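*Asks:* Make a model of this:
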Amino acid sequence: MSRSSQLQQFEHAHENFVTLIRSLTPEQFLSPIGGWTARDIVAHLIGWNRNIRMGSEQILNGITPFYHVDAPNDYRGLNAEFMALHDSTDREILLRELAEGRNTLKAFLEGVDEQDWARDFGPQHYRGGPATVGRCLESITGDYLEHAREITAGL
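*Replies:* Below you'll find the predicted structure:
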């Protein structure tokens, strides 16, 4: 898939997620859904926007993304850090942080050459195959979509 197509999908997933979060009542925003709340999920995505940006830069430099170390732990360590770091219960504060992270990630990714998007720079993905910038964006886009489904199902 092309860089522009993936960026459009990411933008669409982000916009739909934000619309969903804004539609929640304050109680729904803070009520448990599965193992966490919608607030926790927003904090999680704030952190992953940053991680995907940093990981993509590492891949372009031939370095395995730092967060792959926590993959065998299903990223529990990193996710706990994100929830502690972004601990506000104010939805608008968290959504501003989410938008800032999305904007930073998107600006970085728009600067990646199309030829480098799916290029194998050497680092391997923990699930096998090359770790690529396109694969990183596919992952965070999938996260937005999956968490939106999780929240919707929990309502």
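*Asks:* Spell out which helix or strand contains the residue sitting furthest away from the middle of the chain, please.
*Replies:* Within the chain, the residue lying farthest from the chain centre (Cα atoms, centre = their mean) is residue 27, at 24.1 Å. When elements are assigned from DSSP states H and E, residue 27 belongs to helix 26-30.
*Asks:* ok, and for that helix, which residues are buried?
*Replies:* Using 16 or more other Cβ atoms under 10 Å as the burial criterion, the residues of helix 26-30 that qualify are residue 29. Where you see a C-beta, it was placed from the backbone N, CA and C, and this is true even at glycine.
*Asks:* can you check stretch 31-42 too?
*Replies:* Buried positions in stretch 31-42, judged by neighbour count with 16+ other Cβ under 10 Å: 33, 37, 38, 39, 40, 41, 42.
*Asks:* Report the rounded mean pLDDT for it.
*Replies:* Average pLDDT, stretch 31-42: 93.
*Asks:* Against which helices or strands is the helix holding residue 27 packed?
*Replies:* With contacts taken as 3 or more Cβ pairs under 8 Å, 6 or more residues apart in numbering; DSSP states H and E, helix 26-30 sits against helix 38-60.
*Asks:* Nothing else from me, thank you.
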